[in-house]
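# here you go, sequence then predicted model.
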Amino acid sequence: MIDVKHLSKSFGDHLVLDDISEHIHPGEKVVVIGPSGSGKSTFLRCLNLLEIPTKGSITFDGTEITDPKVDIDRIRRQMGMVFQHFNLFPNMTIRKNITLAPVQTGLMKQAQADQQAMELLRRVGLEDKADSYPNQLSGGQKQRIAIVRALAMKPKLMLFDEPTSALDPEMVGEVLDVMKQLAQEGMTMVVVTHEMGFAREVGDRVLFMADGKIVEQNTPAEIFSHPREERTKAFLSKVL
């Protein structure tokens with residue numbers, strides 16, 4: 001589904017991603033871990049061109065999205081993204097937050113979008129919050145709404161950028177449960193996270209990043225039990 005070739009990203013003189021080549025297959029759950037500043041979030045944000053690569057190419061579902069002629073907005077409709085800080089519109093009800101993009105892009109009419117919104121809210125146990133505003137919700141509820149909002153566009157791929165790091169510990173589980181359900185249903189997912197339990201349980205493959213490179217990758221069982229690289233061992237000894 002995603003083919004990354006020789007991806008590099010610099011901010012001024014600072015090289016953040018250093019010649020990364022990677023493949024992500026349909027239905028795969030790829031979890032990206034590593035220390036702060038290793039380039040994880042920048043890598044994720046390059047996958048839908050929220051960050052423009054300095055070098056290299058990215059192909060999504062057969063389309064080279066780094067080609068300047070590509071309509072990236074059209075491509076992004078197929079790539080849901082969930083951020084660390086929710087990014088819900090505070091002046092809109094939860095229902096409106098969910099239906100805005102499908103209606104504005106012409107994916108569906110308002111009535112159909114409303115119906116889908118209620119189905120999605122029911123799925124995450126928040127149907128009673130449809131007419132509430134974001135400031136009336138807990139952090140965990142907001143993040144579940146952010147996931148639902150992304151799903152409303154019927155994406156082929158979901159990108160998660162540390163979706164639980166801004167949450168109080170007691171709210172983390174309710175968000176991870178929604179993500180696990182998505183994984184079980186076969187959604188292609190790329191997840192940047194510090195939640196090692198989630199990586200073990202849900203990941204098909206774990207990428208360990210350090211210094212702008214993918215230093216090591218393997219199945220969760222292998223990378224957590226038998227890391228090969230010293231930087232991986234040092235990181236895991238701190239977080240496990």
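Structure received.
# helix or strand: which one has Ser57?
strand 55-60 (DSSP states H and E).
# partners of that strand in the sheet?
Using DSSP bridges, the strands paired with strand 55-60 are strand 2-11 (antiparallel), strand 63-64 (antiparallel).
# ok, then the element right after the longest one?
The one in question is strand 2-11. strand 14-24.
# what residues does that next one touch?
Outside of strand 14-24, the residues within contact range by CB atoms under 8 Å, 6 or more residues apart in numbering are 1-10, 30, 39, 42-43, 46, 53, 55-56, 188, 190, 207, 211-214. Where you see a C-beta, it was placed from the backbone N, CA and C, and this is true even at glycine.
# PyMOL command to pick out the buried ones of those residues?
Applied in PyMOL, the following selects the buried portion of the contacts of strand 14-24 according to 16 or more other CB atoms under 10 Å:
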select buried, resi 1+2+3+4+5+7+8+9+30+39+42+43+46+53+56+188+190+207+212+213+214
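# strands of the protein, residue ranges please.
Listed from the start of the chain, the chain has strands (DSSP state E) covering 2-11, 14-24, 29-33, 55-60, 63-64, 79-82, 157-161, 188-192, 205-210, 213-218.
# buried stuff in stretch 48-60?
Using 16+ other CB under 10 Å as the burial criterion, the residues of stretch 48-60 that qualify are 48-51, 53, 56, 58-60.
# contact partners for the nearest residue to Leu17 once chain neighbours are set aside?
The shortest distance from Leu17 to any non-neighbouring residue, by CB to CB, 6 or more residues apart in numbering, is to Lys9 (4.1 Å). Shown here is Lys9, whose contacts under the criterion CB under 8 Å, 6+ apart are 15-17, 39, 42, 46, 51, 53-54.
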